[in-house]
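>>> Any chance you could fold what I've pasted below:
(2 chains)
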Amino acid sequence: MNISGQDFIYGCSAIGAGLAMIAGIGPGVGQGIAAGQGAAAVGRNPGARSDITSTMLLGQAVAETTGLYGLVVAIILMFVKPFG
Amino acid sequence: MGMMKIPMVQAEPDFMIHGVLKYHAFGQELWISDTTVGAWIITAALLIIGFIVSRKLKNVDESDTPGMFQCALEMGMEALENMAQGILGANSKRFLNYIGTIFLFILFCNLSGLLGLRAPTADFGVTFLLGMFTFFIVNYQGIKNRGVGHFTSLFQPVPVLFPINLIGEIANPISISLRLFANLLSGVIIMGLWYGMMPWFAKIGIPAALHVYCDLFSGAIQTYVFCMLTMVYINDKME
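Presented below is the predicted three-dimensional model:
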């Protein structure tokens, strides 16, 4: 099987895209912690449920950003072909 | 050693931006893409809705009990006012127009995936422009309220931190626009892959659940976050 230089670059791009998605670990852990703390807060003060939920969702959406940067890098690696 | 055959799915999933019309301007080859067309459709829809709603509310008799339609609109307006009031406080009235406008525009853009359009916010050109609006409003307010202090605050608390402060200021519009763009793009890609590569029986029922998450939930949350962060950045420069 002959592998040309271009094939090699495509293969390396795919591996790089996979590695970039390791960034998904961080937001997963962070959002999990936020959700757990939110559940604990609702348990302590059920009256403030709506406030807690909106604050938690806002924080989670902001914490998601780093994972999304990894996603953007992975998408660029997969779909932006450097040689045609 | 025999050749190894890898079975590949032949269908080509389609989630890229397509050009609709090519034109030349300033010596460049430019395209009217389906992002542009989608944004036009949404702008037209918002204009028509706004026109009809304002006409309808003008004809309301004040002694009547408000109908279902008016109640729903007032509840939405009140929710928006409370959201702005919670962050901007006394200044919320001045920014309510702008926040409401971008809220409606981004919300309609995010939800347009349900109607078969390619969501215009899944194009970095659109979200970066929205981020730049935020950037210019924030800096205009900073210069207006603090004068020279707006620039000297970059050297606080010690001058060595100037590069980090500068990067922090410039990263704000890029981070909010990338957040909106990447969320919507991931939704568009997931839906495109599902519709393009799944066998026919997987396209019954299951896409509805995906649409609820990718378009409805994610779209609404990101709209809220974009408006919220815009107001937080503005509020930082108000004192």
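>>> Please count neighbours and contacts with C-alpha atoms only from this point.
Noted.
>>> Any idea how many residues pack against residue B:203?
For residue B:203, the tally of surrounding residues (other C-alpha atoms under 10 Å in any protein chain shown) stands at 14.
>>> shouldn't it be in contact with residue B:193?
No - using C-alpha atoms under 8 Å, residue B:203 is not in contact with residue B:193; the gap is 11.3 Å.
>>> thought residue A:41 was touching residue A:52?
Yes - applying C-alpha under 8 Å, one finds residue A:41 in contact with residue A:52, separated by 7.3 Å.
>>> Of the two, which one has the most company?
The residue with the greater number of neighbours, taking residue A:41 and residue A:52 and applying other C-alpha under 10 Å, is residue A:52; the counts read 18 against 15.
>>> So residue B:20 lies in a strand, does it not?
Yes - with the criterion set as DSSP: H, G, I helix; E, B strand; the rest coil, the secondary structure at residue B:20 is a strand.
>>> Distance-wise, check it relative to chain A.
21 Å (C-alpha to the nearest C-alpha, to the nearest Å).
>>> contacting residues around that residue?
B:31, B:32, B:33, B:34 (C-alpha atoms under 8 Å, 6 or more residues apart in numbering or on different chains).
>>> which residue packs closest to the last one, ignoring adjacent ones?
Nearest-residue entry for residue B:34: residue B:18, 5.9 Å, with adjacent residues in sequence omitted and distances by C-alpha to C-alpha, 6 or more residues apart in numbering or on different chains.
>>> residues contacting the spatially most central residue of chain B?
Among the residues of chain B, the one closest to the centroid is residue B:106, at 3.5 Å (C-alpha atoms, centre = their mean). By C-alpha under 8 Å, 6+ apart, residue B:106 lies in contact with B:121, B:223.
>>> ok, the spatially most central residue of chain A to residue A:50 distance?
For chain A, residue A:67 is the residue whose C-alpha lies nearest the centre (C-alpha atoms, centre = their mean; 2.5 Å). As judged by C-alpha to C-alpha, to the nearest Å, residue A:67 and residue A:50 stand 26 Å apart.
>>> Next: residue B:29.
For residue B:29 relative to residue A:50 (C-alpha to C-alpha), the value is 51 Å.
>>> what does residue A:16 give?
Computed with C-alpha to C-alpha, the distance linking residue A:16 and residue A:50 is 41 Å.
>>> Show me which residues of stretch B:149-157 are buried.
The neighbour-count check on stretch B:149-157 (16 or more other C-alpha atoms under 10 Å in any protein chain shown) flags B:150, B:154, B:155 as buried.
>>> and which of those residues is nearest residue B:134?
Distances from residue B:134 to these, taken as C-alpha to C-alpha, are shortest for residue B:150 (16.2 Å).
>>> Including pLDDT, could the buried residues of stretch B:149-157 go into JSON lines?
Formatted as JSON lines, the entries for these read as follows, by pLDDT from 0 to 100:
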{"residue": "B:150", "pLDDT": "85"}
{"residue": "B:154", "pLDDT": "84"}
{"residue": "B:155", "pLDDT": "85"}
